[in-house]
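> Turn this into a model:
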Amino acid sequence: MVGFSYIVKIKPNFYPVILAGGRGTRFWPLSRKRRAKQLLALDGKQTMIQQTVARLTPMAAQGRFWIITNDDLRTAIQRQLPKVSSKQIIAEPAARNTAPAIGLAAFLLLRHDPEAVLGLFPSDHVIANPDAYRATLARGIEIAASGDNIVVLGITPTRPETGYGYIEAGAASGPSSSSSSFSSFSVRRFTEKPDLIRARQFVEARNFYWNSGMFLWRADTLANALREHLPKTAPLLEQIAAAYGTKKFKATFRKLYPKCENISIDYAVLEPRSAKGETRSKIFCLPSDFGWNDLGSWTALHEHRVAKTNPADSTPISSAGSFSHNATNNYVHAPKKFVALVGVSNLVIVETDDALLITALDQSQDVGKVIKYLDEKKLHRLV
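Alright, predicted model coming up:
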């Protein structure tokens, strides 16, 4: 395992960029537009975004963090992250997916530090082993800094999951390392969420990894990739970045950003670049095993809490007291009430002051449909 001294050597030009604009619809009714998943303490006392910043802080001072969010969440994020400069918590005037968001950060940092290496991080993931995580990132930063390279952290799959994208790894490759502890592989292709049959084939092949959504690249690498693959959007982002720090920034941002293409970084850059071929794409996968969980649903949180606390107790309950009889494998959040469970299994029950969710554990991925219904009915107070 790579030591902390190795990490210290490479951190001066490392800038974490955290995407925090999502609504967290699958965690309704706890997650709302102004109190989204990343602002909730789902796994301990710190909120998800606070945990994200805390585990990256040993690698980059908080003055190097950039947060991309929206107007609904910006003020709350500022309160939760007081050491991050408010000028570096940027609220998108319109949601345009991940490519314009991380692209704007690349053009901003390219003007500030030509040697900048960006890390793209979701704001709401769980990492069980932060030391292993940082050691893996250290190797990834080394690869990204050494040339026109893109690094993706691939998670070793534990099951044929159909809810994640997959990375097919090719030959072992990558720039030489100061440590032999980490193997990197060239990327053959990215595959979006497969059906169960293909997911099983991927797991059995042993050279496929879950796409964690965490990427590393130099700012100029990403900027040039956007110029190549998003020729209409890249100039808009450059104009916005050029106005940053001036009185014209806010107006320029609001005028130009909504004109950017609404597209993910995967579709915009990674897939077309991987199509160039395994050797020409310069995309590298770092297989990772640091206890990653994207906590994508109440079911995922239930499984995580059970595994973390007491595997023998399959019903985590947040309440003002509880009683259980012939009840197994449930998840309950009702902090202000006494909860009695009798003869029920495999349920998710979540109560807030104004709403109550009851669903089966195997149906919790569909909670986002509640938000769609509430939006259609204009029940804005519930979202």
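> Can you get me the centre-to-centre distance for stretch 302-314 and its chain?
23 Å (CA atoms, centre = their mean, to the nearest Å).
> gap between the two ends of it?
8 Å (CA to CA, to the nearest Å).
> Check stretch 36-43 too.
Note: stretch 36-43 ends 14 Å apart using CA to CA.
> Check what contacts the helix or strand where Phe190 lies and list those residues.
Assigned by DSSP states H and E, Phe190 belongs to strand 185-191. In this structure, residues lying in contact with strand 185-191 by CB atoms under 8 Å, 6 or more residues apart in numbering are 152, 165-174, 198, 202, 207-208, 211, 266, 270-271, 274-275, 278-279, 281, 283-285, 287. In short, each C-beta sits where N, CA and C put it, glycine included.
> Now intersect the residues you listed with the helices, please.
Secondary structure from DSSP state H places Arg198, Phe202, Glu271, Ser274 of these in helices.
> Do you know the pLDDT at the first one?
When you say that, I think you mean Arg198. Note on Arg198: pLDDT of 93.
> So how do I select the buried members of the ones in helices among the contacts of strand 185-191 in ChimeraX?
In ChimeraX, this line selects whichever of the ones in helices among the contacts of strand 185-191 come out buried by 16 or more other CB atoms under 10 Å:
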select :202,271,274
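> In strands only, show me the contacts of strand 185-191.
Counting by DSSP state E, the contacts of strand 185-191 place 152, 166-172, 208, 211, 283-285, 287 in strands.
> for Arg96, what are its contacts?
By CB under 8 Å, 6+ apart, the neighbours of Arg96 are Tyr257, Pro258, Cys260, Glu261, Asn262, Ile263.
> and it, what element?
With DSSP H and E as the test, Arg96 turns up in no helix or strand.
> quick check, nearest of the ones in helices among the contacts of strand 185-191 to Ala355?
For the ones in helices among the contacts of strand 185-191, the residue nearest Ala355 by CB to CB is Arg198; the value is 37.0 Å.
> Now the closest one. Nearest residue, chain neighbours left out?
Leaving aside its chain neighbours, Arg198 sits nearest to Thr191 (7.7 Å; criterion: CB to CB, 6 or more residues apart in numbering).
> Can you tell me how far the one you found is from His333?
Going from Thr191 to His333 by CB to CB, to the nearest Å gives 35 Å.
> More neighbours: which of those two?
His333 (20 against 17; other CB atoms under 10 Å).
> Pretty sure the more buried one sits in a helix.
No - under DSSP: H, G, I helix; E, B strand; the rest coil, His333 sits outside any helix and is assigned strand.
> That one contacts Leu30, doesn't it?
Yes - in this structure, His333 is within contact of Leu30 by CB atoms under 8 Å, at 6.8 Å.
> Can you pull the residues that touch both of the two?
In contact with both His333 and Leu30: Val350, using CB under 8 Å, 6+ apart.
> residues touching Leu382, list them.
Counting by CB under 8 Å, 6+ apart, the residues that Leu382 touches are Pro29, Asp354, Ala355, Leu374.
> for Phe182, same thing?
Val2, Ala135, Thr136, Arg139, Leu286.
> Is it correct that Val370 is in contact with Arg26?
No - between Val370 and Arg26 there is no contact, the gap being 9.4 Å when judged by CB under 8 Å.
> From the neighbour counts alone, determine which of those two ranks first.
Counted by other CB under 10 Å, Val370 and Arg26 do not tie: Arg26 has more neighbours, with 22 against 18.
> What's the local residue count around Asp124?
27.
> Likewise for the one 3 residues further on?
Close neighbours of Ile127, defined as other CB under 10 Å, add up to 20.
> Asp195 too?
Counted with other CB under 10 Å, Asp195 comes out at 9.
> Equivalent analysis for Tyr15, please.
Neighbours of Tyr15 using other CB under 10 Å come to 22.
> Let me know the secondary structure of it.
Applying three-state DSSP: Tyr15 is strand.
> Could you do Ala144 as well?
helix.
> So in this structure, where's the weakest helix or strand by average pLDDT?
Within the chain, no helix or strand scores below helix 4-10, which has a mean of 42 by mean pLDDT, DSSP states H and E.
> hmm, back to that, what score does the residue nearest to Arg198 have for pLDDT?
In this model, Thr191 carries a pLDDT of 89.
> Same check on Ala275?
What the model reports for Ala275 is a pLDDT of 89.
> For it, list the residues it contacts.
Ala275 is in contact with Arg189, Ser281, counting by CB under 8 Å, 6+ apart.
> switch to 10 Å and redo it
Arg189, Phe190, Ser281 (CB atoms under 10 Å, 6 or more residues apart in numbering).
> Show me which of those is closest to Leu341.
Nearest member of the contacts of Ala275 to Leu341, counting by CB to CB, is Phe190, at 42.4 Å.
> how much space between that closest one and Ala105?
21 Å.
> Neighbour count: the two, which is higher?
Neighbour count, other CB under 10 Å: between Phe190 and Ala105, Ala105 has more, with 27 against 20.
> and that one, which of the three is it?
What three-state DSSP gives for Ala105 is helix.
> could you check the distance from it over to Phe202?
Going from Ala105 to Phe202 by CB to CB gives 31 Å.
> Surely Gln46 and Ala54 touch.
Yes - between Gln46 and Ala54 there is a contact under CB atoms under 10 Å: 6.6 Å.
> in the sheet, who's paired with the residue sitting nearest the centre point of the chain?
With distances taken as CA atoms, centre = their mean, Pro122 lies nearest the centre of the chain, 2.0 Å away. Note on Pro122: beta-bridge partners by DSSP bridges are Leu19.
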